[in-house]
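J.: Need a 3D model of the following:
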Amino acid sequence: METAENNSIVFDPGTASEKQKRFFLARAPFIAYGGAKGGGKTWAVRVKAVGGAICNPGLRVLIMRRTYPELEENHIGPLLRMVPPEIGSYMATTRRMTFFNGSTIKFGHWAGELSELEYQGQEFDWIFIDEATQFTERAFNYLKGCLRGVSPYQKRMYLTCNPGGVGHAWVKRLFIDRDYRRSENPEENEAPEDYVFIPATVEDNVFLLKSSPHYLKMLSQMPENVRRAYRYGDWDALGGSYFSELRRDTHTFAPGRLPRHWRRYRAMDYGLDMLAVLWIAVDGEGRSWVYREWTQPRLIVRQAAAGILERTLPGEEVEATFAPPDLWSTQKDTGRTMEEIFRSGGVPLTRADNSRVQGHMLIKDMLALRPDGRPGLMISTDCKRLLADMTAIQADEENPGDAAKTPHEVTHTVDALRYYCVSRVAPAEEPRTEAEEAAADPFWGGEPSGEYLMY
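T.: All right, here's what the predicted structure looks like:
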């Protein structure tokens, strides 16, 4: 590859396979490459990124991996060996490679909500997400917002992927099933022509088979479902959510007014990285209805308590707020517990059991259909974060009976729901008569007041 203003600089990364060439030449806004393992995905990312930087002066590129060690091993180190110093130099403090023509490649890893703060306001022409199925759809959508700027280059996102992982569902939906969302707002529609998938198997990478002849045998000896996914790129072999019972058409309901006599509860997971709170009502049959959610990072306890009270409406009687037991631990610097601070802030807490397997199994039990044909757990369509997290979270690889603890950003709302499910919840009392309701509620029988609308 001969490129430079004076045609004197040569960058020769090697020979590409036919599938890699298709990846290099694709021009859609979103291009995914991969399927099976061994297709040469990571090499293709490095070569496309460097080639683009050399050929397009001032191009701004971002390469993302899930963790920094993966980033360093798969991209930073190899690129330092691949790119001659007269073409580009790397600064470790900023994790950025700068080229002779002003182009840059920034190397980043995704740390959940903290990364949203890091990349807020940043602009890139090309973004590469290597191993995209290790990223949540929330991360994918956030990074899409960084594809912007006044440069003349078409904004693109390049993804590489294998079946399985927390992002399996959204990658499969967009690039394999080609199931695109439609909205009344045309700007929110997903256009089929924007998404291109280039499938590749280990047979496409003749250079790998030549250098590592035993790799194909190793893939073939894996367990059946893993072999189908990694050897042949079968997207139906892996990738099921831990909560495979969850169905949008069965377990969700449209926002609206719930009966006032239903008992109401809150459940929360708290950490400085993220507060997640759910509001849940229980009807007379013991069925639970999650009708509100709130998530917010970087809140101290007093801010968290104030925010919870602000979002709990006047007249909304919450009988208990279930919380993890670590909030009862004494803080060394203050000698107080976080539970005490929540209580003094107007949010008394009820200590929940922290059993992971039992709690997650109870969620699954509540998702099961009852004799009346309806599940024991219903979730408002307004609770988008909870629904997304429950869809994304995978089984723990070491303990399939438990849900995975990583990536951490999809666990917060699920943990809050778990604390609720392991706590004893009484069903609603019998509804009051119309006369009793009228005496207690001045809006009974008339137009509902906004203070009683639970959404």
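J.: C-alpha only now, for contacts and for neighbours.
T.: Will do.
J.: can you pull the contacts of the closest residue to E123 other than its chain neighbours?
T.: Sequence neighbours aside, C146 is the residue nearest to E123 in space, at 5.0 Å (criterion: CA to CA, 6 or more residues apart in numbering). For C146, the contact set (CA atoms under 8 Å, 6 or more residues apart in numbering) comprises Y119, Q120, G121, Q122, E123, F124.
J.: Is it possible to mark the buried ones in these?
T.: E123, F124 (16 or more other CA atoms under 10 Å).
J.: With respect to H408, which of the contacts of C146 is nearest?
T.: Using CA to CA, Y119 is the member of these that lies nearest H408, at 18.4 Å.
J.: residues in contact with that closest one?
T.: Going by CA under 8 Å, 6+ apart, Y119 touches C146.
J.: where does the stretch 151-300 of the chain dip in pLDDT?
T.: Scanning the stretch 151-300 of the chain for pLDDT under 70 picks out the ranges 239.
J.: Could you rerun that using 50?
T.: For the stretch 151-300 of the chain, applying pLDDT under 50 flags no range at all.
J.: Domain map for this structure?
T.: What automatic domain parsing lists as the domains of the chain is 18-232, 248-440.
J.: how about those in a markdown table, adding distance to D12?
T.: As requested, the domains of the chain are exported to a markdown table (distance: least, CA to CA, whole Å):
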| stretch | distance to D12 |
| --- | --- |
| domain 18-232 | 9 |
| domain 248-440 | 37 |
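J.: F11: which of the ones you listed is closest?
T.: Per CA to CA, nearest to F11 of those: domain 18-232, 7.4 Å.
J.: Nearest the middle, which residue of the protein would you pick?
T.: T136 (2.6 Å; CA atoms, centre = their mean).
J.: before we move on, back to that, nearest to Y242, of the domains of the chain?
T.: Closest to Y242 of the domains of the chain is domain 248-440 (CA to CA; 4.7 Å).
J.: Format the CA atom coordinates belonging to the helix or strand encompassing K210 as CSV.
T.: Using DSSP states H and E, K210 falls within helix 206-211. Output in CSV follows, covering the C-alpha atoms of helix 206-211 (Å, rounded to 0.1, in the frame of the first residue of the first chain):
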residue,chain,number,x,y,z
VAL,A,206,-5.9,-19.2,4.8
PHE,A,207,-3.0,-17.4,6.5
LEU,A,208,-4.1,-18.6,10.0
LEU,A,209,-4.7,-22.1,8.8
LYS,A,210,-1.2,-22.2,7.4
SER,A,211,0.5,-20.8,10.5
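J.: Can you list the buried residues in that helix?
T.: Of the residues in helix 206-211, those buried under the neighbour-count criterion (16+ other CA under 10 Å) are V206, F207, L208.
J.: same thing with stretch 320-334?
T.: A320, T321, F322, A323, P324, L327.
J.: tally of neighbours for S103?
T.: Neighbour count for S103, taken as other CA atoms under 10 Å: 20.
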